[in-house]
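**Q** please work out how this folds:
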Amino acid sequence: MLTVNQILDRYVDEHLPSLGARSRVDYTRHIKILRKEFGGRVASELRPSDFDAFMNVEKGRQQRNRILAVLSSAFTKAVNWNLLSHNVCSVVARHPEKPRDRYVTTEEFDRVKGLLSTHSLRKSVGLAMELALETGMSQGEIIELRWADIRGDTLSVSGETIPLRSKVQAILNECRALSPDSEYVIATRKGVPYTSEGFRACWQRLMNRAMKGRAAYKRRTKKPVAAAPPVLTERFTFQDLHATWSRNREIAGGSGEIRELISRRRETPRVELKQWMPLSETLVRAKLARHLAALCNYGGGYLIFGFCDDGTADPVQPGDLSEFTSDKIASIVDKYLTPAFHCEVSTVHLPDGEVCVAVKVPPHGSVPVCTKAAGPHDPKGNPQGVDKGRYYTRVNGPKSEPIETPEQWAPIIRRCVLNERHDLLNGIAALLKAPPAPAEDPPLTPTPKREPQTKAPDGRERVRVGQRGRQHRRPLLPLKT
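**A** You can find the predicted model right below:
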């Protein structure tokens, strides 16, 4: 039976070289921890409960998610190699991820870019920032980008073709002028590509300068220089640049799936259209909780604000969209539904000037979503919007209604079973596995008889207990007759 170390050995040899430079460094660090924690364990005998102690930590929970993801990737490869029957990591509970809400504003980007001088080392970092914001490429993809990847008016990165708009072409022209003899788009002063650690060090120096400013003298020589104040109150990362690019792309027209749904403008079991409504009112929140629970139990879907039921745009456009955020939707889920789930909220500006808000509802997990609170009661005492302790799903209409028939439960139960299939298989395998034979106790060996010692270790005569007094006892005198 294969151990985790043996699977990781093959994973490192066959899969790790296909990753980017930054990913290889991170994966290597994570694999070192995995070897220490689980390396000697038999992979096929691991159960979800074996990861409880590893995952239940007070600090570094997001990091544990990343480490477990590496082991899950290795086990998935092992399944493809016919070394394992299933991936136990797929059913191990992860810690909830904090949604990324750090977006780089235009003012912040321009202030940081203004710190970059004409020095080639710093200028290359600035050009990498611009490429990340305009194309959405990651840090590893940018430092590994070659001029050979540019063909005509397109840029090929990780199997994806990116069209070269005029602004991207202007950035590439600056990169060519900065390192004309290098085969890499972003290169060092010597024309060689950055290493992941080297570029990260340059980025950290830039962020430290942006956060702390510059003193009025050089640190080493104490030579006076022009002081500069800080330009940022909160640092940002390359991932924040990618998130900003993703948000800007959605604002420009939404993702492909959202654009397709909006172009149809009709309600389906997976799409619920809603007019603009105040999300602070109790009755509105209760009605939205019913739709969120129904979409989640149906397998996921979208709740789109800004349209009437017939697909026409809501004529009453709100002036402020600050209410339509992921935090506001999360507060509705936390109040009315269990188990809680996270919804992605996107504001989409359409080419015709219309605006809408799309709420992406995920599918349920190993258990369906149930309501834990009721909506406000009418004068007769009946709950409005949503009832407590009910399971909702999408039915023909389409509408969000409580589950009443076995036919409505069947697909939900099927998804629950699929989500728990690995855990169930592990439990059944453990029940069917023959218990190990009890180990036989070794035969008892008689204790060797100790030799009587007549001398102490220092060579003196050994005296038994009780004899010392007899040795110094006076002899008995004969009785006088």
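
**Q** got a pLDDT number for Thr118?
**A** Confidence at Thr118, expressed as pLDDT, is 42.

**Q** same check, this time on Cys416
**A** In the prediction, the pLDDT value recorded for Cys416 is 85.

**Q** got it, and Ile403?
**A** 92.

**Q** thought it was touching Pro411?
**A** No. Contact status for Ile403 versus Pro411: not in contact, 10.6 Å apart, counting by CB atoms under 8 Å. From N, CA and C alone the C-beta is placed, and that goes for glycine too.

**Q** the more surrounded of these two?
**A** Ile403 (17 against 13; other CB atoms under 10 Å).

**Q** for the more buried one, phi and psi?
**A** Backbone geometry at Ile403, expressed as degrees, to the nearest 10, gives phi -80, psi 130.

**Q** hang on, isn't Ile7 packed against Thr76?
**A** No. Counting by CB under 8 Å, Ile7 stays clear of Thr76, with 10.6 Å between them.

**Q** neighbour count winner among these two?
**A** Ranked by neighbour count (other CB under 10 Å), Ile7 and Thr76 place Ile7 first, with 20 against 17.

**Q** which of the helices or strands spans that one?
**A** Per DSSP states H and E, Ile7 falls inside helix 4-14.

**Q** now for that helix, which elements pack on it?
**A** For helix 4-14, the packing partners by 3 or more CB pairs under 8 Å, 6 or more residues apart in numbering; DSSP states H and E come out as helix 21-38, helix 61-80.

**Q** mean confidence score for that helix?
**A** 93.

**Q** mind listing the strands for the stretch 101-250 of the chain?
**A** Applying DSSP state E, counting those that start in this stretch to the stretch 101-250 of the chain gives strands spanning 150-151, 154-157, 160-163.

**Q** then the stretch 351-481 of the chain?
**A** So, for the stretch 351-481 of the chain - with DSSP E, counting those that start in this stretch - the strands run 355-361, 370-371, 392-395, 399-402.

**Q** output the last one as CSV, restricted to C-alpha atoms.
**A** In other words, strand 399-402. In CSV, the C-alpha atoms belonging to strand 399-402 read as follows (Å, rounded to 0.1, in the frame of the first residue of the first chain):
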residue,chain,number,x,y,z
LYS,A,399,-41.5,30.1,-8.4
SER,A,400,-39.8,29.4,-5.1
GLU,A,401,-42.1,27.1,-3.0
PRO,A,402,-41.7,24.7,-0.1
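
**Q** tell me the buried residues in that strand?
**A** 400-402 (16 or more other CB atoms under 10 Å).

**Q** each with direction, which strands does it pair with?
**A** Strand 399-402 pairs in its sheet with strand 392-395 (antiparallel), by DSSP bridges.

**Q** who touches the helix holding Ile7?
**A** 28, 31, 34-35, 38-43, 46, 71, 73-75, 77-78, 81, 83-84 (CB atoms under 8 Å, 6 or more residues apart in numbering).

**Q** please pick the buried ones from the residues you listed.
**A** Judged by 16+ other CB under 10 Å, buried ones among these: 31, 34, 38-39, 43, 46, 71, 73-75, 77-78, 83-84.

**Q** okay, those residues in TSV with pLDDT next?
**A** TSV is the format used below for the buried ones among the contacts of helix 4-14 (pLDDT from 0 to 100):
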residue	pLDDT
Ile31	93
Leu34	93
Phe38	93
Gly39	92
Ala43	92
Leu46	92
Leu71	93
Ser73	91
Ala74	92
Phe75	93
Lys77	91
Ala78	92
Leu83	90
Leu84	90
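
**Q** can I assume His238 is in contact with Trp203?
**A** One correction, residue 238 is Phe, not His. Yes. With contacts counted by CB under 8 Å, Phe238 reaches Trp203, the gap being 7.2 Å.

**Q** what touches both of these two?
**A** Gln139.

**Q** so where's the stretch 101-250 of the chain shaky on pLDDT?
**A** Scanning the stretch 101-250 of the chain for pLDDT under 70 picks out the ranges 101, 117-122, 158-161, 215-227, 247-250.

**Q** now the helices for it?
**A** 106-115, 120-135, 139-143, 166-178, 196-212, 238-253 (DSSP state H, counting those that start in this stretch).

**Q** of the ones you listed, flag the one that's most buried.
**A** With neighbours taken as mean count of other CB atoms under 10 Å, these reach their highest mean count in helix 139-143, at a mean of 22.

**Q** can I get that one as PDB, trimmed to CA atoms?
**A** In PDB, the C-alpha atoms belonging to helix 139-143 read as follows (Å, rounded to 0.1, in the frame of the first residue of the first chain):
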ATOM      1  CA  GLN A 139       2.800  37.700 -11.300                       C
ATOM      2  CA  GLY A 140       4.200  34.400 -12.400                       C
ATOM      3  CA  GLU A 141       2.700  34.700 -15.900                       C
ATOM      4  CA  ILE A 142       4.200  38.200 -16.300                       C
ATOM      5  CA  ILE A 143       7.700  37.400 -15.300                       C
END
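
**Q** no further queries at this time; thank you.
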